[in-house]
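Novice: fold the following and give me the result.
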Amino acid sequence: MKTPLSSSSFSTRKARPAPYLFILIAFVVTVAVLYAQDFIFSQLALNLDQSLSRTNKHPFAIGRTEEGCDVFSGRWVKDELNRPMYEESECPYIQPQLTCQEHGRPDKEYQYWRWQPHGCSLPNFNVTLMLETLRGKRMMFVGDSLNRGQFVSMVCLLHRVIPDHAKSMETFDSLTVFTAKEYNATIEFYWAPFLLESNSDNAIVHRISERIVRRGSINKHGQHWRGVDILVFNTYLWWMTGQKMNILKGSFDDDEKDIVQLTTEDAYRLAMKSMVKWVRKNMDPKRTRVFFTSMSPIHVKSTEWGGREGENCYNETTMIEDPRHWGSDCSKSVMKVIEEVFGQSKFPITFLNITQLSSYRKDAHTSIYKKQWNPLTEEQLANPVSYADCVHWCLPGLQDTWNELLFTKLFYP
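Specialist: Now for the predicted structure:
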């Protein structure tokens, strides 16, 4: 039995907490609220990687990333000796929407940055290893124009060592195929911005204001993905309408269409579950790999990085230095959907967490330095901010880093 404290141990009045204690508690609560989601997001790639590691099955792996190394957490360092990894003029496969130098961009600083993870380094991108690994195999990028940019980047990284007569690029509707003939290898891109069937599936004409996605329709596109050895998915930007998503329950051929509206998160969850189910049924975890590239940030509100109201990425030549910067366009609730669905997947899907490292790169967008498919008006010409593309990225540039990370996770998971 404890000895009771004497009455002298207590004051005659009930003690009140000091005012600074309330201030401290309020501060702690505020910080917790502000950064809880940041912590959750930063753990997403790590949690998914750990889930993958538990399977102990890594087709194509030749080593492992250093213990405790998060290759997606780091900083940008200038490296004029090793960057860019190729010249824009040397790669004839870059679409005119991404050839910033050809279209008059006056600076090249955006090309000279290399991603440096904290406490470790990325392995050098080995072209020979990649091509030999792809010998007799198919690699496919599936998704929207941002995934097409990553596909083109991969082709640019590899094509230089292949003679002109031994390579080709062909397009068949939604499918674009680069062939390395001597390797009997293909690197492909398949246009499917929602992964599911939608009214935006035409690879050329797809700017539709009222987007409709058909529920449970992944096989419409998935039939073209069968037999692929390395799959790289993405889907995000097309879901961000700012409104509820129109989900078609029947067929696009029905005279009267049965359409329901779902929140962005619920609609996105349908697509993610369909993708995971398709992967489980059609991919072999013992010989194939599946990757999912996280959301690519846009830079349309300069006030988010200390700029002036009404401005965007136009004329930006330096990156954002705040390590905690997170744009309002990147939905953490959607990221939670990915974590939820992938966490339940029985097939290991490697998450390429490019969002945070890309969010710093307001300098790397195509901006106004691209082919304009429609003549610009006098009003637009007088205000370049009005037509600057702050979604897509110049090549060579940021998306080469995405492929360095893909290379790292493919060979050193």
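Novice: do me a favour and average the pLDDT over stretch 257-277.
Specialist: On average, the pLDDT along stretch 257-277 is 97.
Novice: how distant is that stretch from the center of its chain?
Specialist: Remark: stretch 257-277 is offset 19 Å from the chain centroid, using CA atoms, centre = their mean, to the nearest Å.
Novice: what residues of it count as buried?
Specialist: Of all the residues in stretch 257-277, those buried under the rule 16 or more other CB atoms under 10 Å are 259, 262, 264, 267-277. All C-beta atoms are positioned from the backbone trio N, CA, C, and that covers glycine.
Novice: where are the low-confidence patches of the stretch 1-150 of the chain?
Specialist: Applying pLDDT under 70 to the stretch 1-150 of the chain flags the ranges 1-57.
Novice: quick one: the strands in it, in order.
Specialist: Counting by DSSP state E, counting those that start in this stretch, the stretch 1-150 of the chain has strands at residues 74-78, 113-117, 138-143.
Novice: quick one: the strands in the stretch 151-300 of the chain?
Specialist: Using DSSP E, counting those that start in this stretch, strands in the stretch 151-300 of the chain cover 167-172, 175-180, 185-191, 212-214, 230-233, 245-248, 259-262, 289-293.
Novice: next helix or strand past the last one?
Specialist: Scanning forward in sequence from strand 289-293 by DSSP states H and E, the next helix or strand is helix 332-343.
Novice: whichever helix or strand comes after that following helix: partners in the sheet, and parallel or antiparallel?
Specialist: Following helix 332-343 in sequence order, the next helix or strand is strand 350-352 (DSSP H and E). Strand 350-352 pairs in its sheet with strand 289-293 (parallel), by DSSP bridges.
Novice: report the rounded mean pLDDT for the partner strand.
Specialist: If you average the pLDDT over strand 289-293, you get 98.
Novice: what is the burial count for the residue lying closest to residue 252 once chain neighbours are set aside?
Specialist: In space, and not counting its chain neighbours, residue 252 is closest to residue 214: 6.5 Å by CB to CB, 6 or more residues apart in numbering. Residue 214 has 22 neighbouring residues, counting by other CB atoms under 10 Å.
Novice: beta-bridge partners for residue 214, please?
Specialist: Assigned bridge partners for residue 214, using DSSP bridges, are residue 248.
Novice: among the strands of the stretch 151-300 of the chain, which is nearest residue 314?
Specialist: With CB to CB as the measure, strand 289-293 is the member of the strands of the stretch 151-300 of the chain nearest residue 314 (25.6 Å).
Novice: what's the spacing between residue 183 and residue 401?
Specialist: 24 Å (CB to CB, to the nearest Å).
Novice: nearest the geometric middle of this structure, what residue?
Specialist: Most central in the chain under CA atoms, centre = their mean is residue 294, positioned 3.3 Å from the mean C-alpha point.
Novice: was I right about residue 194 contacting residue 212?
Specialist: No - Residue 194 lies out of contact with residue 212 (CB atoms under 8 Å); the separation is 9.6 Å.
Novice: out of the two, which sits in the busier spot?
Specialist: Taking other CB under 10 Å, residue 194 and residue 212 do not tie; residue 194 has more neighbours (28 against 17).
Novice: so who does the more buried one touch?
Specialist: Contacts for residue 194 (CB atoms under 8 Å, 6 or more residues apart in numbering) come out as 200, 211, 213, 235, 238-239, 271.
Novice: between those residues, which has the most around it?
Specialist: Going by other CB under 10 Å, residue 213 tops the contacts of residue 194 with 25 neighbours.
Novice: contacting residues around that residue?
Specialist: Residue 213 neighbours (CB under 8 Å, 6+ apart): 194, 196-198, 245-248, 267, 270-271.
Novice: tell me which stretches of the stretch 51-200 of the chain form helices.
Specialist: Assigned by DSSP state H, counting those that start in this stretch, the helices in the stretch 51-200 of the chain fall at 127-133, 145-159.
Novice: other SSEs contacting the first one?
Specialist: Other elements packing on helix 127-133 under the criterion 3 or more CB pairs under 8 Å, 6 or more residues apart in numbering; DSSP states H and E are helix 145-159, helix 398-411.
Novice: residue 153 is in contact with residue 402, isn't it?
Specialist: Yes - here residue 153 reaches residue 402: they are 7.1 Å apart, a contact under CB under 8 Å.
Novice: before we move on, back to that, which one's more surrounded, residue 183 and residue 401?
Specialist: Relative neighbour count places residue 401 above the other of residue 183 and residue 401, with 24 against 18, counting by other CB under 10 Å.
Novice: residues contacting that one?
Specialist: Counting by CB under 8 Å, 6+ apart, residue 401 has contacts 114-115, 354, 357.
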